[in-house]
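1. Sequence plus predicted model, see below.
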Protein chains: 2
Amino acid sequence: MRGFHHGRFRGVAPNIFITAFVLFVLSRKEAHGYELFELLAERFPNFCPCRGPSWMGGGYRILRELEIQGLITSRWETGEGPAKRIYSITPEGKALKEHLVDYMKDLKDQIDKLLELAE
Amino acid sequence: MRGFHHGRFRGVAPNIFITAFVLFVLSRKEAHGYELFELLAERFPNFCPCRGPSWMGGGYRILRELEIQGLITSRWETGEGPAKRIYSITPEGKALKEHLVDYMKDLKDQIDKLLELAE
DNA sequence: GTATATATATGTAATTAGCATATATATGGA
DNA sequence: TCCATATATATGCTAATTACATATATATAC
């Protein structure tokens, strides 16, 4: 899984960012995996080469892991096209979402402190 | 190596941040490993439990790796206390430093975009 | 019918991070 | 003098994470 990359860098802990993205989106509406990754690719085109099965494999793994941890739940939806697993966020997921918001804000502050050193 | 952690999270790609920290500091003055880690612990007390040999082991490894990559160079300094390896930044290191500044700024923008989703 | 888009999933290698431990010098105190 | 502690650097090994390839199945457009 590639995630948030930039030039020569592997990327900063892609999974935490993708976890955050997933929980943030699911806190607004239900969605299935493919849909989430499409949205991710659309919103973060430069930071996320998140297209193709090779990348998405990792994405689906994150979703499965989040479900195991009780942060999201899923149900199968059949109908048009291949069956899709629709995910919703759980109360535990919402709690982690709030935590992640704090985390991301802290992270920004730390980056600012780091950038001060570079001036 | 622990690096930039936060509560239940392992932390976002510690080594990239520590690399950035090292290059940012060395672009101002020479320093040895122990000194760098002391400064890191002082400046980022909440994000970095960077004290003790267990943590520092990873730090010294990063320094060695940066030297192998030609981003920093070192010389031994003997005198008071145990011998220390004094590091300086190379032109290549300065170039990467500038790159990392851009990277960190981009990262902040991406985090902002991510946080918008959480509102 | 067959190429493509949609949709999910697994196997495995490579990389990164974490934690313990080893080594050596100097200093301060009992 | 002996011992604990601070300073200073380094390596071994395991665990966790990430990357990349590949498998599977359904529907649609040509």
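-> That came through, no problem.
2. what's the pLDDT at A:G7?
-> Listed pLDDT for A:G7 reads 49.
3. The longest helix along chain A versus helix B:91-118: what angle between them?
-> Longest helix in chain A, counting residues (DSSP state H): helix A:91-118. Between the axes of helix A:91-118 and helix B:91-118, defined by axes from the mean of the first three to the mean of the last three C-alpha atoms, to 10 degrees, the angle is 150 degrees.
4. what helices or strands is helix A:91-118 leaning on?
-> Helices and strands touching helix A:91-118, by 3 or more C-beta pairs under 8 Å, 6 or more residues apart in numbering or on different chains; DSSP states H and E, are helix A:14-26, helix B:14-26, helix B:91-118. Quick note: C-beta positions are derived from backbone N, CA and C, even for glycine.
5. Tell me if it is near DNA strand C.
-> No. Helix A:91-118 lies out of reach of DNA strand C by C-beta under 7 Å from any atom of the strand, never closer than 14.1 Å.
6. average model confidence for that helix?
-> On average, the pLDDT along helix A:91-118 is 93.
7. Please apply the same query to stretch A:70-86.
-> 94.
8. In chain A, which residue sits nearest DNA strand C?
-> Nearest residue of chain A to DNA strand C (C-beta to the nearest atom of the strand) works out as A:G57 at 2.3 Å.
9. what's the spacing between stretch A:43-57 and its chain's center?
-> On the basis of C-alpha atoms, centre = their mean, to the nearest Å, stretch A:43-57 is displaced by 11 Å from the centre of the chain it belongs to.
10. how long is it from one end to the other?
-> End-to-end span of stretch A:43-57 (C-alpha to C-alpha, to the nearest Å): 19 Å.
11. pLDDT (mean, whole number) over it?
-> What stretch A:43-57 shows for mean pLDDT is 77.
12. Can you tell me the closest non-neighbouring residue to the spatially most central residue of chain A?
-> Centroid-nearest residue in chain A, with C-alpha atoms, centre = their mean: A:I18, separated by 2.1 Å. Take A:I18 and drop its neighbours on the chain: the residue closest to it by C-beta to C-beta, 6 or more residues apart in numbering or on different chains is A:I62, 5.6 Å away.
13. Next, the contact list for the one you found, please.
-> A:1, A:15, A:18-19, A:22 (C-beta atoms under 8 Å, 6 or more residues apart in numbering or on different chains).
14. By neighbour count, which of the residues you listed wins?
-> A:V22 (26 neighbours; other C-beta atoms under 10 Å in any protein chain shown).
15. Hmm, that one is touching A:E65, no?
-> No. Using C-beta atoms under 8 Å, A:V22 is not in contact with A:E65, being 10.6 Å away.
16. Quick check, A:F44 in contact with B:K113.
-> Yes. In terms of C-beta under 8 Å, A:F44 counts as a neighbour of B:K113; the distance is 7.0 Å.
17. So for these two, which sits in the more crowded spot?
-> A:F44 (19 against 13).
18. how much space is there between that one and B:L117?
-> 11 Å (C-beta to C-beta, to the nearest Å).
19. try A:V25
-> A:V25 is 6 Å from B:L117, by C-beta to C-beta.
20. Show me which of these two is the more surrounded one.
-> A:V25 (20 against 16).
21. That one contacts A:L36, correct?
-> Yes. In this structure, A:V25 is within contact of A:L36 by C-beta under 8 Å, at 6.1 Å.
22. could I have stretch A:91-107 exported to CSV, CA atoms only?
-> Extracted C-alpha coordinates of stretch A:91-107, given in CSV (Å, rounded to 0.1, in the frame of the first residue of the first chain):
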residue,chain,number,x,y,z
PRO,A,91,-19.6,4.6,18.2
GLU,A,92,-16.1,3.3,18.9
GLY,A,93,-15.1,4.5,15.4
LYS,A,94,-16.6,7.9,16.1
ALA,A,95,-14.5,8.1,19.3
LEU,A,96,-11.4,7.2,17.4
LYS,A,97,-12.3,9.7,14.7
GLU,A,98,-12.4,12.5,17.3
HIS,A,99,-9.0,11.3,18.6
LEU,A,100,-7.6,11.3,15.1
VAL,A,101,-8.8,14.9,14.6
ASP,A,102,-6.8,15.9,17.7
TYR,A,103,-3.9,13.8,16.5
MET,A,104,-3.8,15.5,13.1
LYS,A,105,-4.0,18.9,14.7
ASP,A,106,-1.1,18.0,17.0
LEU,A,107,0.8,16.7,14.1
